[in-house]
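In: predicted coordinates and the sequence they were generated for:
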Amino acid sequence: MKLGYSLGYWQSGPPPGALEALLEAERLGFDSAWTAEAYGSDAFTPLAWWGSRTSRIRLGTGIAQLSARTPAATAMAALSLDHLSGGRFTLGLGASGPQVVEGWYGSPYPKPLARTREYVQIVRDILAREAPVTAPGPHYPLPYDGPDAAGGGKPLRSTVHPLRADLPIYLAAEGPKNVALAAEIADGWLPFLFSPRADADYRRALDEGFSKRAASRSPRQAFEVALQVPVVPHDSVEEAADQVRPMLALYIGGMGSRQANFHREVIERLGYDRECGLITEHYLAGRKREAIAAVPTRLVEELALIGPPEKIRDELQRWEETVVTTLIVQGDAATLRVIAGILS
């Protein structure tokens with residue numbers, strides 16, 4: 001299993017020591033490095049800025065949000081960064097959720113599967129550069145011909161020749177239909193909140209997508225499943241779990257509403273309905289400390305590798321037996337050295 005390094009998205013400002021950690025990840029032989037975005041820092045700028053100091057490690061967005069940019073703007077950023085990195089860029093995309101899309105970008109959140117399919121096709125058409133790009137819509141019509149159109153739009157072709165017309169595109173997906181879509185139209189899948197116990201369900205979803213995959217797409221054997229998983233070496237399992245609980249409480253309780261939270265649904269499918277309900281109630285009522293405390297250790301151990309190094313090594317086997325091909329980890333340079341020593 002390959003190792004990746006996640007710079008994530010920023011909290012109140014740029015993460016201290018990020019460049020040092022990225023350079024250490026490359027020195028340690030990590031295969032890839034990834035940035036993210038939510039509603040603060042963007043995914044492309046840090047990747048270009050810090051990635052310019054590297055020479056070998058692959059650079060990916062994990063993830064860039066669909067609603068943050070039009071398909072054409074995303075394709076322009078991707079082909080630019082692929083040129084600047086010498087062909088090391090991977091475009092990771094995700095639909096995000098209604099809270100961010102409607103609350104931050106001011107865009108509607110209809111039919112995420114259909115929008116994703118349409119978005120990816122336009123990006124691929126731009127990168128292929130075979131003809132001026134047109135798209136029928138309904139979400140991203142090119143040229144735009146709505147009732148308020150000025151009437152001067154015409155199909156265009158990128159002035160820049162992409163370095164790789166087949167630049168890899170990965171999709172973030174959590175639900176079974178989204179996972180199947182990734183296997184059908186993308187070159188890789190970026191899971192989140194993945195438990196090895198659910199591996200059989202994910203395999204079925206991937207198989208469904210692969211059965212519809214076009215022959216022109218990259219072969220199934222090359223399909224990458226790159227999972228960001230917390231790895232927290234610590235003598236105390238409980239203290240290690242305490243480092244993961246805030247993130248889980250945020251995504252279960254705070255990344256959505258009582259009615260719609262795709263992240264919480266993943267955990268509920270694992271059988272934690274009662275716990276998810278309690279975490280959500282605390283979080284939405286502003287009781288974040290109680291929400292964090294309500295995250296059970298056994299859930300953390302399902303979704304993360306935590307505790308003494310010997311325990312992590314023993315548990316690693318169950319991850320190696322899943323569909324996951326790359327483990328993406330976080331931490332400063334010193335932590336990455338420890339993690340690499342345990343996982344390698």
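Out: Here it is on my side, so go on. Numbers count the residues shown, from 1 in each chain.
In: ok, residues contacting the helix-or-strand element of the chain with minimal mean pLDDT?
Out: Scoring the helices and strands of the chain by mean pLDDT, DSSP states H and E places helix 98-103 at the bottom, with a mean of 92. Helix 98-103 is contacted from outside by 38-39, 65, 67, 95, 107-109, 255-257, 260, using CB atoms under 8 Å, 6 or more residues apart in numbering. All C-beta spots, glycine's among them, are computed from the backbone N, C-alpha and C.
In: out of those residues, which are buried?
Out: 38, 65, 67, 95, 109, 255-256 (16 or more other CB atoms under 10 Å).
In: turn those residues into JSON lines, including distance to Ala173 and pLDDT.
Out: Formatted as JSON lines, the entries for the buried ones among the contacts of helix 98-103 read as follows, by distance: CB to CB, whole Å; pLDDT from 0 to 100:
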{"residue": "Ala38", "distance to Ala173": "17", "pLDDT": "93"}
{"residue": "Gln65", "distance to Ala173": "14", "pLDDT": "98"}
{"residue": "Ser67", "distance to Ala173": "16", "pLDDT": "97"}
{"residue": "Ala95", "distance to Ala173": "9", "pLDDT": "96"}
{"residue": "Tyr109", "distance to Ala173": "16", "pLDDT": "93"}
{"residue": "Met255", "distance to Ala173": "16", "pLDDT": "87"}
{"residue": "Gly256", "distance to Ala173": "16", "pLDDT": "77"}
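In: in JSON lines, list those residues along with distance to Phe89 and secondary structure.
Out: Formatted as JSON lines, the buried ones among the contacts of helix 98-103 follow (distance: CB to CB, whole Å; DSSP: H, G, I helix; E, B strand; the rest coil):
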{"residue": "Ala38", "distance to Phe89": "21", "secondary structure": "coil"}
{"residue": "Gln65", "distance to Phe89": "17", "secondary structure": "strand"}
{"residue": "Ser67", "distance to Phe89": "21", "secondary structure": "helix"}
{"residue": "Ala95", "distance to Phe89": "21", "secondary structure": "coil"}
{"residue": "Tyr109", "distance to Phe89": "27", "secondary structure": "coil"}
{"residue": "Met255", "distance to Phe89": "27", "secondary structure": "coil"}
{"residue": "Gly256", "distance to Phe89": "30", "secondary structure": "coil"}
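In: can I get those residues in JSON lines including distance to Arg117?
Out: Compiled in JSON lines, those are given as follows (distance: CB to CB, whole Å):
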{"residue": "Ala38", "distance to Arg117": "23"}
{"residue": "Gln65", "distance to Arg117": "16"}
{"residue": "Ser67", "distance to Arg117": "15"}
{"residue": "Ala95", "distance to Arg117": "11"}
{"residue": "Tyr109", "distance to Arg117": "15"}
{"residue": "Met255", "distance to Arg117": "24"}
{"residue": "Gly256", "distance to Arg117": "23"}
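In: returning to what we had before: could you single out the nearest of the contacts of helix 98-103 to Leu336?
Out: Proximity of the contacts of helix 98-103 to Leu336 was ranked by CB to CB; the top entry is Ala38 with 22.9 Å.
In: quick one: the closest one from Asp314, how far?
Out: 34 Å (CB to CB, to the nearest Å).
In: and if you look at Arg337?
Out: 21 Å.
In: how about Trp104?
Out: Using CB to CB, Trp104 is found at 42 Å from Asp314.
In: between the two, which one's more packed in?
Out: The residue with more neighbours, out of Trp104 and Asp314, is Trp104; 15 against 12, by other CB atoms under 10 Å.
In: measure the residue nearest to that one when sequence neighbours are not counted to Gly271 for me?
Out: Leaving aside its sequence neighbours, Trp104 sits nearest to Tyr39 (CB to CB, 6 or more residues apart in numbering; 4.4 Å). To Gly271, Tyr39 is 31 Å away according to CB to CB.
In: who's in contact with stretch 224-232?
Out: Against stretch 224-232 from outside (CB under 8 Å, 6+ apart): 4, 6, 32, 34, 60, 62, 168, 170, 187-192, 194, 240-241, 243-244, 247, 300, 303-307, 312, 319, 323-331, 339, 342-343.
In: pull out the buried members of those residues.
Out: Neighbour counting over the contacts of stretch 224-232 (16+ other CB under 10 Å) leaves 4, 6, 32, 34, 60, 62, 168, 170, 187-192, 194, 240-241, 244, 247, 300, 303-307, 312, 319, 323-331, 339, 342-343 as the buried ones.
In: among the residues you listed, name the ones in strands.
Out: Of the positions in the buried ones among the contacts of stretch 224-232, 4, 6, 32, 34, 60, 170, 188-190, 305-307, 326-329 sit in strands, assigned by DSSP state E.
In: just give me the closest of those to Ala149.
Out: So of those, ranked by how close each gets to Ala149 (CB to CB), first place is Tyr170, at 33.3 Å.
In: surely that closest one touches Ala182?
Out: Yes - counting by CB atoms under 8 Å, Ala182 is a contact partner of Tyr170 at 7.4 Å.
In: what residues are shared contacts of these two?
Out: Joint contacts of Tyr170 and Ala182 (CB under 8 Å, 6+ apart) are 188-189.
In: what are the ranges of the helices in this structure?
Out: In the chain, the helices defined using DSSP state H lie at 18-27, 44-51, 71-84, 98-103, 112-128, 176-185, 199-210, 237-249, 262-269, 273-284, 288-293, 297-303, 309-320, 333-343.
In: between the ones you listed, which gets the lowest average pLDDT?
Out: Mean pLDDT is lowest for helix 98-103 among these, at a mean of 92.
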